[in-house]
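> this is a predicted model, with the sequence first.
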Amino acid sequence: MLDDYLSSPWRLLQLRSGPSGPFLDGFAAALFSDGRRINAMRYINTAAHVGVWARRHGIAIADVDETVIERFERHLAQCRCVDVAAGWRGGRKRVRKRVRVGALMFLDFLRREGVARQMPSCPIHSSALVAGYCSWLRNQRGVVARTIQSYMGTIRDLIAAVGDDPALYSASALRSFILTWVRLHAPHSPGKATSALRSFLLFLVAQGRCSADLVGAVPRIPGWRLAKLPPYLSVDTVEKLINSCDESTRYGLRDRAILLLFARLGLRNADVAGLRLGDVDWKTGRIRVIGKGRRETWLPLSQDVGDAILAYLERARPPTKIDHVFVTTQAPIRPMLAWGTGERVKAAMKRVSIDAPSHGGHILRHSLASRMLREGATLDSIGAVLRHRHVDTTAIYAKIDIGLLRQIAQPWPMKEVPSC
């Protein structure tokens with residue numbers, strides 16, 4: 001199948017003799033059948049690039065997974081590979097994004113062919129300790145796979161720095177690791193690293209493998225609850241975003257349904273991306289949402305949201321066996337990712353030139369809460385719609401109504417107050 005894309009015998013030999021060579025003809029055929037004919041050669045070059053890079057790092061094609069793809073993507077910024085297509089080298093962000101798409105498509109093909117392992121419910125690790133922690137998070141704590149994956153980077157670095165014997169862990173070693181890790185990786189969000197480490201230590205305590213005192217040794221990042229006002233948009237601005245979707249196109253129908261789910265039901269990005277066809281109960285007019293901690297909630301399906309979803313399903317959704325409601329509009333058809341649903345909000349803001357304090361689906365969630373508060377809803381009812389576990393999480397919206405706060409604020413004394 002490569003012969004249909006290339007006429008150079010030298011280039012054909014180069015591709016087929018590389019680490020990805022045995023799979024490139026099949027990958028090319030899959031791209032053709034999926035409708036990816038224009039950009040197929042770009043993705044074929046990317047597949048060859050993945051194989052070259054993986055071999056240099058001692059990684060077999062059968063062991064390629066999402067973690068390997070992430071490492072490969074980081075390599076692109078300083079890529080100097082001379083045996084891949086020159087057009088795909090370099091550090092430009094736009095180029096790296098295209099390469100990532102091609103690499104993930106190649107991984108998907110390898111899994112369909114049975115070459116690469118299917119994505120496990122927990123990431124695969126060589127350390128039995130980390131594998132046990134991952135299983136504990138999933139089975140005992142109900143943590144979703146995305147959060148588990150975000151924890152793994154910190155825990156792998158911890159074991160590399162301190163070791164995999166919990167008996168040797170000390171307060172000074174843990175503090176030193178956190179300070180070093182934050183300086184190198186995430187100076188803007190150190191709380192993520194400390195949360196992962198604290199969770200891992202709780203697992204070790206539950207297993208009786210370390211002292212409970214070590215949990216308290218993890219430094220806490222200073223923070224003040226309810227210190228900031230949640231960013232939100234006015235009602236008119238939200239409606240302007242929704243009306244900016246062109247319902248004469250399949251993209252507009254899809255985006256309108258996504259925006260309405262954010263704006264009317266207050267869903268999160270992952271909620272929208274994870275929505276399945278069976279989650280919509282058309283007879284009773286409600287929709288099932290499985291949120292954080294695998295909590296299942298049924299929310300009422302308003303008329304405009306239902307109409308938008310139905311219009312998308314009937315007129316815009318590509319024919320596919322995938323049971324996710326929202327899928328990509330171009331082949332190869334696959335479920336939309338969580339960040340992709342948030343990008344639709346960002347695109348709508350750009351389309352109508354809205355300068356918002358933040359972008360993504362969460363700002364529409366905040367906007368729904370502020371609208372409900374101004375219409376007289378209680379914090380309990382707002383928390384029920386947003387599916388908050390604790391009322392403290394909802395309490396931040398009490399500060400949105402500036403007019404009400406002015407009524408209860410004490411006036412500043414006009415006369416000079418005598419000193420004590």
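Everything's here; your move.
> name the nearest residue to residue 385, ignoring sequence neighbours.
The shortest distance from residue 385 to any non-neighbouring residue, by Cβ to Cβ, 6 or more residues apart in numbering, is to residue 266 (5.6 Å). (Each C-beta comes from the backbone N, C-alpha and C, glycine too.)
> go on, residue 220?
residue 194 (6.8 Å).
> please apply the same query to residue 253.
residue 316 (4.0 Å).
> ok, the one you found touching residue 250?
Yes - with contact defined as Cβ atoms under 8 Å, residue 316 reaches residue 250; the gap is 3.6 Å.
> name the SS class of the residue nearest to residue 220, please.
Put simply, residue 194 is helix when judged by DSSP: H, G, I helix; E, B strand; the rest coil.
> now do the one 5 residues further on
In terms of secondary structure, residue 199 is helix; the call rests on three-state DSSP.
> ok, back up a step: what confidence value was assigned to the residue nearest to residue 253?
Residue 316 carries a pLDDT value of 91.
> so where do the helices sit in the stretch 201-350 of the chain?
Assigned by DSSP state H, counting those that start in this stretch, the helices in the stretch 201-350 of the chain fall at 213-217, 235-243, 250-265, 269-273, 303-315, 338-351.
> ok, which of these comes nearest residue 378?
Distance to residue 378, taken as Cβ to Cβ, is lowest for helix 250-265 among the helices of the stretch 201-350 of the chain, at 18.2 Å.
> tell me the mean pLDDT for stretch 233-251?
Mean pLDDT, stretch 233-251: 91.
> buried set for it?
Under the neighbour-count criterion of 16 or more other Cβ atoms under 10 Å, stretch 233-251 has 233, 237, 238, 240, 241, 242, 244, 245 buried.
> can you list phi and psi of residue 268 for me?
Torsion angles at residue 268 (phi, psi; degrees, to the nearest 10) stand at phi -90, psi 170.
> residue 334 now?
Residue torsions, per degrees, to the nearest 10, at residue 334 are phi -150, psi 160.
> for the strand or helix carrying residue 99, what is the distance to the chain centroid?
Using DSSP states H and E, residue 99 maps to helix 93-112. Between the centre of helix 93-112 and the centre of its chain there are 16 Å (Cα atoms, centre = their mean, to the nearest Å).
> returning to that earlier point: got the contact list for the residue nearest to residue 253?
249, 250, 251, 253, 254, 329 (Cβ atoms under 8 Å, 6 or more residues apart in numbering).
> roughly how far apart are it and residue 284?
Counting by Cβ to Cβ, to the nearest Å, the separation of residue 316 from residue 284 is 25 Å.
> same check, this time on residue 345
As defined by Cβ to Cβ, residue 345 lies at a distance of 28 Å from residue 284.
> report the buried residues of the helix or strand that contains residue 176.
Assigned by DSSP H and E, residue 176 belongs to helix 171-184. Buried residues in helix 171-184, defined by neighbour count with 16+ other Cβ under 10 Å: 173, 174, 177, 178, 181, 182.
> for stretch 340-355, same thing?
Within stretch 340-355, the residues scored as buried using 16+ other Cβ under 10 Å are 341, 342, 343, 344, 345, 346, 348, 349.
> about what we covered before: return the closest of the buried residues of stretch 233-251 with respect to residue 110.
residue 245 (36.1 Å).
> show me where pLDDT drops low in the stretch 101-250 of the chain?
Scanning the stretch 101-250 of the chain for pLDDT under 70 picks out 118-127, 146, 185-190, 221-229.
> quick one: which of the buried residues of stretch 340-355 is nearest to residue 75?
When the buried residues of stretch 340-355 are compared for distance to residue 75 (Cβ to Cβ), residue 343 wins out at 24.5 Å.
> tell me the contacts of the closest one?
residue 360.
> what is the neighbour count of residue 207?
Residues within reach of residue 207, counting by other Cβ atoms under 10 Å, total 13.
> I meant residue 290, not that one.
Residue 290 has 16 nearby residues by other Cβ under 10 Å.
> same question for residue 13.
A count of nearby residues for residue 13, using other Cβ under 10 Å, gives 11.
> how about residue 98: what's its closest non-neighbour residue?
Closest to residue 98 by Cβ to Cβ, 6+ apart is residue 42, at 6.7 Å.
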